[in-house]
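Asks: Can you look at this prediction? I've put the sequence above it.
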Amino acid sequence: MSFFKKIFGSEKKEPVLNEQDKQTLDKGLEKSKVSFFSKLTKAIAGKSKVDDDVLDNLEEILVSSDVGVNTTLKIITRIEKRVSEDKYLGTDELNQILREEISGLLSETNLGEATEFVIPINVKPYVLMFVGVNGVGKTTTIGKLAHQFKKQGYSVVLGAADTFRAAAIDQLQVWADRVGVPLVKQQMGSDPASVAFDTLQSAVAQNADIVIIDTAGRLHNKLNLMNELTKVKRVMQKVVTDAPHDVLLVLDGSTGQNAFEQAKQFTAATEVTSLAVTKLDGTAKGGVVIGISDQFQIPVKYIGVGEGLDDLQVFNKYEFVDSFFK
């Protein structure tokens, strides 16, 4: 029986990543994988079976790899059950056991299985609203996502509703020019809801497929943030009644546990419907994706595994686990 059939009950149904994207994913997770397995090798040195000492060390490794305490305890409980049922598990099997149990855990969460940048049919324009603190790679992710959608044949319009910083508008203009998509903007200090309204009106007039709205990246006051985002949503709905269709929170994977805290704050302040985790290629904290996926039960839609235009990928739990434990 194959790995995927054993864990998920059937063969992997969705298409695998193409070879180039798979290599990019493998390379992007290399630092996390090397860090994790170097710790694991030390933890099981001189041990022939998975015992309490190995499990204690494994728990520490998972927590230090930013998987998160609660998710780590779930994984350890699963492995303890395996040890109890099988009576004897050798340490040489631990890599495969971890792979299986983490995959099983992720299969229980509300995660997408797509490998393509697609949007729902019969929704036009499809409106995405980006949220996230400054510095997490929000503007870069918007630019890369616009590029990916354009490659898929969609027409895209960007809206610069982060009017709190002039730099945010300028940066988004650079990405719009680079990707070759229109940007709707106003002056710094303008009403963000007004920008969002103008963007949707422009998109409807152009018969565009997708609208991506950037919003301010500050989180000094949850109530102010909630009020601002609620106003943006309400004004957008005057043009597209069910907008936004997706509120996407961008998190910097290299910050580890700080990404957890940001997710907690933003999900408390507004309704977040999906996540993007960036900068995984420059960190050994890739385990944070596993913890965030499990703890928040919000789909991780995209991951950033490099600096290139094509290095934003659709998050696929199967491929992620396969690359991490390859």
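Replies: Nice, thanks for sending it over. Numbers count the residues shown, from 1 in each chain.
Asks: What ranges does the stretch 151-300 of the chain have for its strands?
Replies: Here the stretch 151-300 of the chain has its strands, by DSSP state E, counting those that start in this stretch, at 156-160, 183-184, 210-214, 246-252, 274-278, 300-304.
Asks: Mean pLDDT for those - can I get that in TSV?
Replies: Formatted as TSV, those follow (pLDDT from 0 to 100):
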stretch	mean pLDDT
strand 156-160	98
strand 183-184	98
strand 210-214	98
strand 246-252	95
strand 274-278	93
strand 300-304	91
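Asks: Dump those into a markdown table; add distance to Ser35 as well.
Replies: All C-beta atoms are positioned from the backbone trio N, CA, C, and that covers glycine. Below are those laid out as a markdown table (distance: least, Cβ to Cβ, whole Å):
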| stretch | distance to Ser35 |
| --- | --- |
| strand 156-160 | 36 |
| strand 183-184 | 39 |
| strand 210-214 | 33 |
| strand 246-252 | 17 |
| strand 274-278 | 17 |
| strand 300-304 | 17 |
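Asks: can you redo those as CSV with distance to Phe37 and mean neighbour count?
Replies: Shown next, in CSV, are those (distance: least, Cβ to Cβ, whole Å; neighbours: other Cβ atoms under 10 Å):
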stretch, distance to Phe37, mean neighbour count
strand 156-160, 40, 27
strand 183-184, 44, 21
strand 210-214, 37, 28
strand 246-252, 24, 24
strand 274-278, 21, 24
strand 300-304, 20, 24
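Asks: So which of those is nearest Glu108?
Replies: With Cβ to Cβ as the criterion, Glu108 lies closest to strand 300-304 of the strands of the stretch 151-300 of the chain, at 14.3 Å.
Asks: Paired strands for the closest one, with orientation please.
Replies: According to DSSP bridges, strand 300-304 forms sheet pairs with strand 274-278 (parallel), strand 312-314 (antiparallel).
Asks: In space, what's closest to Ala160 - neighbours in sequence excluded?
Replies: Lys185 (4.0 Å; Cβ to Cβ, 6 or more residues apart in numbering).
Asks: picking up where we left off before, need the strands paired with strand 300-304 in TSV (columns: distance to Lys326).
Replies: Listed next are those as TSV, based on distance: least, Cβ to Cβ, whole Å:
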stretch	distance to Lys326
strand 274-278	19
strand 312-314	16
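Asks: Of all the strands of the stretch 151-300 of the chain, which one is nearest Phe320?
Replies: The nearest among the strands of the stretch 151-300 of the chain, by Cβ to Cβ, is strand 300-304 at 7.5 Å.
Asks: on that earlier part again, look at the residue nearest to Ala160 and say how many residues are nearby.
Replies: Lys185: 22 surrounding residues under other Cβ atoms under 10 Å.
Asks: separation between the residue nearest the centre of the chain and Asp52?
Replies: Centrality entry for the chain: nearest residue to the mean C-alpha point is Ala276, 2.8 Å, by Cα atoms, centre = their mean. Ala276 sits 38 Å away from Asp52, going by Cβ to Cβ, to the nearest Å.
Asks: and what of Gly135?
Replies: Counting by Cβ to Cβ - Gly135 and Asp52 are separated by 42 Å.
Asks: His147 now?
Replies: 50 Å.
Asks: Which segments of this protein make up each domain?
Replies: Using the TED database, the domain parsing of the chain gives 18-108, 126-316.
Asks: Ala284 reaches Glu30, doesn't it?
Replies: No. Ala284 is beyond contact range of Glu30, at 9.3 Å (criterion: Cβ atoms under 8 Å).
Asks: more crowded one of these two?
Replies: Counting neighbours by other Cβ under 10 Å for Ala284 and for Glu30 shows that Ala284 has the greater number, 21 against 18.
Asks: Contact partners for that one?
Replies: Ala284 sits next to 31-32, 34-36, 65 when contact means Cβ atoms under 8 Å, 6 or more residues apart in numbering.
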